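Q: turn this into a model:
(chains A and B)
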Amino acid sequence: MTKLTYYPGCTLKNHARNFDVSTVSSMGSLDVEIEELPRWNCCGTVHCLSSENIINRLAPVTNLIRVKEMGSSEFMTGCAMCYNTLKRANLDVKKRADVLDTINDFIYQEETKYAGEVDVLHLLEYLRDRVTFEKLAAKVKKPLTGLKVACYYGCLLVRPKEVAFDDVENPVVMEDLIVALGGIPVPFPMKADCCGAYHTVSNPEIIADRTNKIMGSAAEEEADLVLVSCPLCAYNLDFRQVDAKQLNPDFKHLPVLYFTQLMALAFGCDESALRFDLHHIDPTPVLTGRGLMNLV
Amino acid sequence: MAPATSSASVRLTSARLTSPFVAKIEKLSAQNLQACYQCGKCSAGCPMAAHMDILPNQVIRLSQLGMHERLLASKAIWICVSCMTCNTRCPKGVRIAETFEALRETKLRTAEREDYLSLSDISPEARAALPPIALISALRKLSS
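A: So this is what the prediction gives:
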């Protein structure tokens, strides 16, 4: 068993427990033992783009200190937003010694000082580069035969360029994962278009418009479902389908899943690792239709 | 012909190009605004452009010219969601999203602290339904 330090993030312990449990369960099938980072805190969710706003770098850096304290030089997260924020803060403090000094001075009560020793990995990157899709394919017990998947990246896995672990305009890592799991990735022109993110709080009408366009694009490609790596994209594209339907009566509902849920399904993990009860659009009918689940 | 300084017009002088406002935006965003040559690629690819009152390339142009009244009163600065599409495509390497952030921060740092969103705007039902990732990011971006 390989050990891997795991940062779940706040939403994976709340609304997106399906992402959390399917990550832990599917990684177990790949002989990777997930070790949750002790005393982790919120990543801050968004990277502040203002050059001299240092206070917003504190939350991510504190997590990097926790990783250093447990003797790890790297850690993994599946949440695209946590990945993006942690990685950008890390790159920022590695590049700007004065910012790092200010942060270390401010959190003087921390016994450990951070000096840029830790690397941030996204789970998809880990699967592609460390596990490899070839070895992953060998673990598949229930191939996703006939399942048509639209892989949605949104913003945070591919932008800005400094944090992208795949092509900025046309990433393919999730499509390669789907092929390894035996499924069929469909072309998806809007795969890296923004879902509207936090406007779901202040301007939900924008999210309705984005969901209509993005899910509509997946439906046109006759996808069975849309695959994501971000709990905010998942919320917007799944729960805001109600508003998208009001905007466009021809809107076709499609389920939205985390890539780890399809891994858990293909690896034959226990059904408790799927938590489809947390979805707005139930994925069970489409998966049953493809012979991947049995009707209860 | 109406006088050039009617109440609806803004006087454009070379003094604005070197105004403290332009310097502040360039400092906060760490950008050289004059690098932009107005090709419009940022606005062409912006997924939020349809919801903005002024387009991203116009925001950069108004910033170059120090038109702070128009910029700080705009809806556009709050609609940009920092998706970074413009930044990755700009042929001049201008970080447009950073400029939007500088404008938001300028507004949020005034004595009046004119927040675009406050916690009391969000109903208890919405607070319970929305995931933490949505609430925290919205309040971090849109409030002081």
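Q: which parts of the stretch 51-200 of chain A sit against chain B?
A: A:51-53, A:56, A:79, A:81, A:155, A:159-161, A:168-169, A:193-194, A:196-200 (C-beta under 8 Å from any C-beta of the partner chain). All C-beta spots, glycine's among them, are computed from the backbone N, C-alpha and C.
Q: what subset of these is buried?
A: Using 16 or more other C-beta atoms under 10 Å in any protein chain shown as the burial test, these include A:51, A:56, A:79, A:81, A:155, A:159-160, A:168, A:193-194, A:196-200 as buried.
Q: burial check on residue A:20, number of neighbours?
A: A count of nearby residues for residue A:20, using other C-beta atoms under 10 Å in any protein chain shown, gives 25.
Q: residue B:91 now?
A: Neighbourhood size, residue B:91 [other C-beta under 10 Å]: 9.
Q: tell me which of the residues of the stretch 51-200 of chain A next to chain B fall in helices.
A: Among these, the members falling in helices (DSSP state H) are A:81, A:199-200.
Q: pop the domain breakdown of chain B in here.
A: Per automatic domain parsing, the domain ranges recorded for chain B read B:14-109, B:117-144.
Q: deepest-packed of those domains, please.
A: domain B:14-109 (a mean of 19; mean count of other C-beta atoms under 10 Å in any protein chain shown).
Q: mean confidence for that domain?
A: Summarised as a single mean, pLDDT over domain B:14-109 is 95.
Q: what about that domain, near chain A?
A: Yes: interface with chain A: domain B:14-109 contributes B:27-30, B:47-48, B:50-51, B:78-79, B:81-85, B:87-88, B:95, B:97-98, B:100-102, B:105 (C-beta under 8 Å from any C-beta).
Q: and the end-to-end length of that domain?
A: Between the opening and closing residues of domain B:14-109 there is a gap of 26 Å (C-alpha to C-alpha, to the nearest Å).
Q: circling back to that earlier point, between the domains of chain B, which gets nearest to residue A:35?
A: Smallest distance to residue A:35 across the domains of chain B (C-beta to C-beta): 22.9 Å, for domain B:117-144.
Q: what's the single longest helix in chain B?
A: With secondary structure taken from DSSP H, chain B has its longest helix at helix B:96-108.
Q: just checking, residue A:225 touches residue A:149?
A: Yes: in this structure, residue A:225 is within contact of residue A:149 by C-beta atoms under 8 Å, at 6.1 Å.
Q: neighbour-wise, which of those two wins?
A: residue A:149 (27 against 22).
Q: got phi/psi on that one?
A: Dihedral angles phi and psi of residue A:149 (degrees, to the nearest 10) take the values phi -120, psi 130.
Q: wait, it touches residue A:182, no?
A: No: no contact is recorded between residue A:149 and residue A:182 when judged using C-beta under 8 Å, the distance being 10.8 Å.
Q: ok, back up a step: in strands, which of the residues of domain B:14-109 next to chain A appear?
A: Using DSSP state E, no member of those sits in strands.
Q: give me the spatial nearest neighbour of residue B:47, chain neighbours excluded.
A: The spatially closest residue to residue B:47, leaving aside those adjacent along the chain, is residue A:194, at 4.5 Å (C-beta to C-beta, 6 or more residues apart in numbering or on different chains).
Q: chain neighbours aside, what residue packs nearest to residue A:144?
A: The shortest distance from residue A:144 to any residue other than its chain neighbours is 3.4 Å, reached at residue A:183 (C-beta to C-beta, 6+ apart).
Q: which ones are touching residue A:241?
A: Residues in contact with residue A:241 (C-beta atoms under 8 Å, 6 or more residues apart in numbering or on different chains) are A:211, A:215, A:251, A:253-254, A:280-281.
Q: let me have those residues in JSON lines, extended by pLDDT and distance to chain B.
A: Compiled in JSON lines, the contacts of residue A:241 are given as follows (pLDDT from 0 to 100; distance: C-beta to the nearest C-beta, whole Å):
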{"residue": "A:211", "pLDDT": "98", "distance to chain B": "12"}
{"residue": "A:215", "pLDDT": "98", "distance to chain B": "14"}
{"residue": "A:251", "pLDDT": "98", "distance to chain B": "18"}
{"residue": "A:253", "pLDDT": "98", "distance to chain B": "19"}
{"residue": "A:254", "pLDDT": "98", "distance to chain B": "20"}
{"residue": "A:280", "pLDDT": "98", "distance to chain B": "11"}
{"residue": "A:281", "pLDDT": "98", "distance to chain B": "16"}
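Q: report the two of these separated the most.
A: Pairwise distances across those (C-beta to C-beta) peak at 13.5 Å, for the pair A:251 and A:280.
Q: start to end distance for stretch B:38-51?
A: Taking C-alpha to C-alpha as the measure, stretch B:38-51 stretches 20 Å from start to finish.
Q: try stretch A:222-240
A: In stretch A:222-240, first residue to last residue: 20 Å (C-alpha to C-alpha).
Q: what's stretch A:272-286 in contact with?
A: Contacts of stretch A:272-286 with the rest of the structure, by C-beta under 8 Å, 6+ apart, involve A:15-18, A:21-22, A:24-26, A:224-225, A:238-239, A:241-242, A:253-257, A:261, A:264-265, A:293, A:295.
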